[in-house]
Structures are given as C-alpha cells and as structure tokens.
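> Here is a sequence together with a model predicted from it:
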Amino acid sequence: MDLNKPKARDKAVVLLSGGIDSTVTLYLVKKYRFGPYVLIFDYKQRHKKEILFAVNTAKRLKAPYKIVKIGFPWGGSALTDRKIKVPLTKSRGIPVTYVPGRNLVFLSLAVSFAETIKAKKIFIGAHIQDYSGYPDCRPEFLESFSRTANLGIKHKGIKIESPLLDKGKTEIIKLGYSLGVDFSKTWSCYQGSKNPCGKCDSCRYRREGFKKAGFPDPLMGEG
C-alpha cells in the first residue's frame, strides 16, 4: 500500500470498533491525509460500550460516521449469545468470541458504502495476533475478498487496506503513541462493565501489549 502519495483528501472508509487497533488505524488514515468516513457496527453485541468509545473517537477526530445496525440472530458467538460465556482463561485455536462471518458482513457493507460515496479504499485494523485465531482477519481472506468484491460492483477499484497486518499489539501501541492516540479513550474488554475485567483474551492481549511496549495502560488507572 502506497500511503505516501494519496491525493489530498481522497475518501476512505474506516471500520471503527472503539478498540486499540481500529483507533490506531483511523489515526493513520488521518495522518496520511485521507478523508475518513467511519462505519461503526451495532450488531447486538454483548455490550454497547465499545460503540460509545468509537463514536467519541470519530467525533474527536472530526470524522463523519455512521452507526450501522445489523444482527446475527442465530448467535454462535460469546459476543452475540449470552448463553455462551466469555472465556476468562487463555483460548486456544478459534475462540468462542469469534462471530461467524462478521468481517465478511462488515466488509460487504463497507464496499457498498465506499462505492456510494466514491471512496477507493477501505481500512480495517486486522493484525497478526487477530489472524492467528480469527479466520476473517487473515491476509489471504482480505486479499481474496478485495478481488471478489470488485467483480460484483459497478465502480471498480475499491481496495481493502490493512496497514497493521504485520504488527503485534506491542508494535501497534507504540505506533499509536507516535500518532498521539489517547489510549484511555479506547475499549478492549469483551465485558461491558465500568472497568475492564482484566481476564478475557482481549484484556490479556492489551495488558501484555502495554507491558512489552513499556507504557502503563491508562484505562487501567496505571497512568
């Protein structure tokens, strides 16, 4: 991806969840002078807290945003079915927090939006720690989807960009600090309580990332 030569204010669609990765991605998009249009998905997930964090981030960066309400009424994930408990021990393989086909659905809607507003790039915060457990974050899926999507649209040339794909959480946190990200304004926990649980996979990756990066996690009251 050539981020060094965008035309001034080229439109770009950014998928924003309110977490570390998508927030850093939005900051990158702003740094390279794209005009970001943010999509935030309300998919009846376990809690709405991440949506609030995403909305606040979009407002803070003055990026126009849309909240897209959809649902996965068949469940199949601890994030959409309260009968399935969020694991509080380290998961192996594909975790129960995987939502079947989530990124496939999100990216399909993003392509429709991008074609409508004539944006040629869609940014997603997928990265190496994600695609070890989530098949819809893997580079081969993102590359294949990008090709397939362009076969089914009128205005060709839309590309899926994943600028964090080769980075781990530690590198992403360091990059975020270099971009001026306020990590106290991000939410990672799978639970929607007042404070992060500190035990789910997402909290664990976040804690390890900050520790290895040499920074305190401000969301945990460490700085």
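Ah, there it is.
> contacting residues around the closest residue in space to residue 182 that isn't next to it in sequence?
The spatially closest residue to residue 182, leaving aside those adjacent along the chain, is residue 218, at 7.6 Å (CB to CB, 6 or more residues apart in numbering). C-beta coordinates here come from the backbone N, C-alpha and C atoms, glycine included. Residue 218 makes contact with 182-184 under the criterion CB atoms under 8 Å, 6 or more residues apart in numbering.
> Ok, residue 192 next?
Applying CB under 8 Å, 6+ apart to residue 192 gives the contacts 46-49.
> List only those of the residues you listed flagged as buried.
When the contacts of residue 192 are checked for burial by 16 or more other CB atoms under 10 Å, the buried set is 46, 49.
> Now intersect the contacts of residue 192 with the helices, please.
When the contacts of residue 192 are checked against helices using DSSP state H, the ones located there are residue 49.
> Which one of the contacts of residue 192 is nearest to residue 81?
Residue 81 has its nearest neighbour among the contacts of residue 192 in residue 46, at 8.8 Å by CB to CB.
> which residue sits closest to residue 187, ignoring its sequence neighbours?
Residue 187 sits nearest to residue 53 (CB to CB, 6+ apart), 4.3 Å away.
> tell me the mean pLDDT over the strand or helix carrying the one you found?
Per DSSP states H and E: residue 53 is located in helix 49-60. Averaged across helix 49-60, the pLDDT comes to 97.
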